[in-house]
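K.L.:
got a sequence here, can you build the structure:
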Amino acid sequence: VQLVESGGGLVQPGGSLRLSCAASGFTFSMYDMSWYRQAPGKERELVAQIRKPYAVTAYEYTTYADSVKGRFTISGDNAKNTVYLQMNVLKIEDTAVYYCNVVHAGRRYWGQGTQVTVSS
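P.N.:
So this is what the prediction gives:
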C-alpha cells in the first residue's frame with residue numbers, strides 16, 4: 001500500500017487549494033479513504049472521509065469535521081485511484097500537515113503528508 005499526497009502550499013486567508021492523494025497497492029474503489037491533518041503542537045485530527053459501506057455496490061457517502069463543513073469537499077476518482085480534498089475559504093487555523101489515510105487488512109497506512117500554510 002502506498003499513498004502519495006500533493007497539492008499543498010502557501011495561500012492567503014479566503015483562498016483555495018486542492019490536495020490529491022494517489023493510492024496504490026489495494027482496490028481503491030472498495031475502501032474508505034480519509035484526510036487527516038496535524039497542526040504544530042496538536043494531535044492529528046480527522047478532516048473528511050469517503051465511506052463505502054457496501055463493497056459490492058458503488059454507494060458511498062462523505063463525512064466532515066465540523067470545523068470544515070461547507071468549506072471542504074472530499075471526492076474520489078476510482079479510474080485514477082486518487083482521492084481529493086478541495087479546500088475553499090481557507091482560514092489561518094487550517095494551517096497543518098495534511099495526510100491521506102486508508103485502513104487495509106487491519107493496518108492503518110499514511111502518506112508522507114503535504115504542508116498547507118494559510119497566512120497573509
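K.L.:
please make it C-alpha for all contacts and neighbour counts, starting now.
P.N.:
Will do.
K.L.:
give me the residue ranges of this structure where confidence is low.
P.N.:
Along the chain, segments meeting pLDDT under 70 span 55-57.
K.L.:
next, the contact list for the residue nearest the centre of the chain, please.
P.N.:
The C-alpha lying nearest the average C-alpha coordinate of the chain belongs to Trp35 (Cα atoms, centre = their mean; 2.6 Å). By Cα atoms under 8 Å, 6 or more residues apart in numbering, the contact list for Trp35 reads Leu46, Val47, Ala48, Gln49, Leu85, Tyr98, Tyr99, Cys100, Asn101.
K.L.:
kindly report the same for Asn81.
P.N.:
Applying Cα under 8 Å, 6+ apart to Asn81 gives the contacts Ala22, Ala23, Ser24, Phe28, Ser29.
K.L.:
give the bridge partners for the third one, please.
P.N.:
In this case it means Ser24. Here Ser24 sits in beta bridges with Gln2, as judged by DSSP bridges.
K.L.:
quick check: the gap between it and Ser75.
P.N.:
Ser24 sits 17 Å away from Ser75, taking Cα to Cα, to the nearest Å as the criterion.
K.L.:
rewinding a little: now the contacts of Asn81 in JSON lines, with distance to Ser67?
P.N.:
Shown next, in JSON lines, are the contacts of Asn81 (distance: Cα to Cα, whole Å):
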{"residue": "Ala22", "distance to Ser67": "25"}
{"residue": "Ala23", "distance to Ser67": "26"}
{"residue": "Ser24", "distance to Ser67": "30"}
{"residue": "Phe28", "distance to Ser67": "27"}
{"residue": "Ser29", "distance to Ser67": "27"}
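K.L.:
and those residues as a markdown table, adding neighbour count and distance to Gln115?
P.N.:
Shown next, in a markdown table, are the contacts of Asn81 (neighbours: other Cα atoms under 10 Å; distance: Cα to Cα, whole Å):
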| residue | neighbour count | distance to Gln115 |
| --- | --- | --- |
| Ala22 | 18 | 16 |
| Ala23 | 23 | 18 |
| Ser24 | 14 | 21 |
| Phe28 | 20 | 24 |
| Ser29 | 19 | 26 |
